[in-house]
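J.: Task: produce atomic coordinates for the following.
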Amino acid sequence: MRAHWPARFLAAFEEHVASGHLPLSHVDIPVLILVGENDPTMCWPHMETLAEALQRGTVACKPEFDHFCHIRAAPE
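T.: Model (predicted):
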């Protein structure tokens with residue numbers, strides 16, 4: 001199973017890249033965008049722009065958040 005991991009990641013990443021053209025203004029549900037102050041992959045200005053593109057987007061930024069905070073804090 002481990003041997004297939006790189007191919008699976010690449011497939012998921014390609015889907016992620018392909019979704020960049022989707023019209024976010026049509027998303028009409030609350031979206032919470034979690035940003036860590038020290039996450040090098042998600043910078044605050046880009047996340048604010050993302051929230052503005054969504055009808056009901058909100059950004060939450062905390063120092064303790066990292067790139068996988070949504071997974072680590074899920075049990076809470």
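
J.: Would you state the strands of this protein in chain order?
T.: 31-36, 57-62 (DSSP state E).

J.: Neighbouring strands - and their directions - for the first one?
T.: Yep, that's strand 31-36 we're talking about. strand 57-62 (parallel) (DSSP bridges).

J.: now the strand it pairs with: how far from the chain's centre is it?
T.: 11 Å (CA atoms, centre = their mean, to the nearest Å).

J.: what comes into contact with the lowest-mean-pLDDT helix or strand in the chain?
T.: Across the helices and strands of the chain, mean pLDDT, DSSP states H and E gives its lowest value to helix 69-72, namely a mean of 75. Contact with helix 69-72 is made by 34, 36, 66, as judged by CB atoms under 8 Å, 6 or more residues apart in numbering. (Glycine included, C-beta is placed from N, CA and C.)

J.: quick one on the thing from earlier: now for the strands of the chain, which one comes closest to residue 46?
T.: Comparison of the strands of the chain against residue 46 by CB to CB identifies strand 31-36 as nearest, at 9.0 Å.

J.: Identify each buried residue in the closest one, please.
T.: 31, 33-36 (16 or more other CB atoms under 10 Å).

J.: so where's this structure uncertain?
T.: Applying pLDDT under 70 to the chain flags the ranges 1-5, 73-76.

J.: Find the residue at the geometric middle of it.
T.: Against the mean C-alpha coordinate of the chain, by CA atoms, centre = their mean, the closest residue is residue 33 at 6.7 Å.

J.: about what we covered before: can you tell me which of the strands of the chain is nearest to residue 15?
T.: Once these are compared by CB to CB, strand 31-36 is nearest, at 18.5 Å.

J.: Contacts for that closest one next, please.
T.: 42, 44, 47, 50-51, 54, 56-67, 69-70.

J.: where's the longest helix seen in the chain relative to the chain centroid, distance-wise?
T.: Secondary structure of the chain per DSSP state H: the longest helix is helix 5-18. Between the centre of helix 5-18 and the centre of its chain there are 15 Å (CA atoms, centre = their mean).
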